[in-house]
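Test case, fold it:
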Amino acid sequence: MDKSGANKAGIDEVNGTRAVPITVWLVKYLINIVEQDHRAIKRLARPMQGLRVA
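Model prediction:
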């Protein structure tokens, strides 16, 4: 999540109604962890897309 005020306000509003609050990590390169996690899936799915004719 970026440092957008709207995102923080939305999370704060949702956390006000939940028993267990949502924890938000403000890590600049967190998306890299996600990309590494599904690299194998992308490698398998790419050849299954077949030939694309534009």
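
Next, the contact list for Val14, please.
Ile22 (Cβ atoms under 8 Å, 6 or more residues apart in numbering). Quick note: C-beta positions are derived from backbone N, CA and C, even for glycine.

repeat for Asn15
Asn15 makes contacts with Pro21, Ile22, as judged by Cβ under 8 Å, 6+ apart.

quick one, phi/psi of it?
phi -60, psi -30 (degrees, to the nearest 10).

Mind pulling up the pLDDT for it?
Confidence at Asn15, expressed as pLDDT, is 90.

can you tell me how far it sits from Pro21?
Distance, Asn15 to Pro21, using Cβ to Cβ, to the nearest Å: 4 Å.

do Asn7 as well
Look at Asn7 and Pro21: by Cβ to Cβ, they are 15 Å apart.

same check, this time on Arg43
Counting by Cβ to Cβ, the separation of Arg43 from Pro21 is 36 Å.

So which of those two has more stuff around it?
Ranked by neighbour count (other Cβ atoms under 10 Å), Arg43 and Pro21 place Pro21 first, with 12 against 9.

show me the contacts for the more buried one.
Pro21 makes contact with Asn15 under the criterion Cβ under 8 Å, 6+ apart.

Poorly predicted segments of the chain, please.
Across the chain, residues meeting the criterion (pLDDT under 70) sit at 1-3, 30, 33-34, 51-54.
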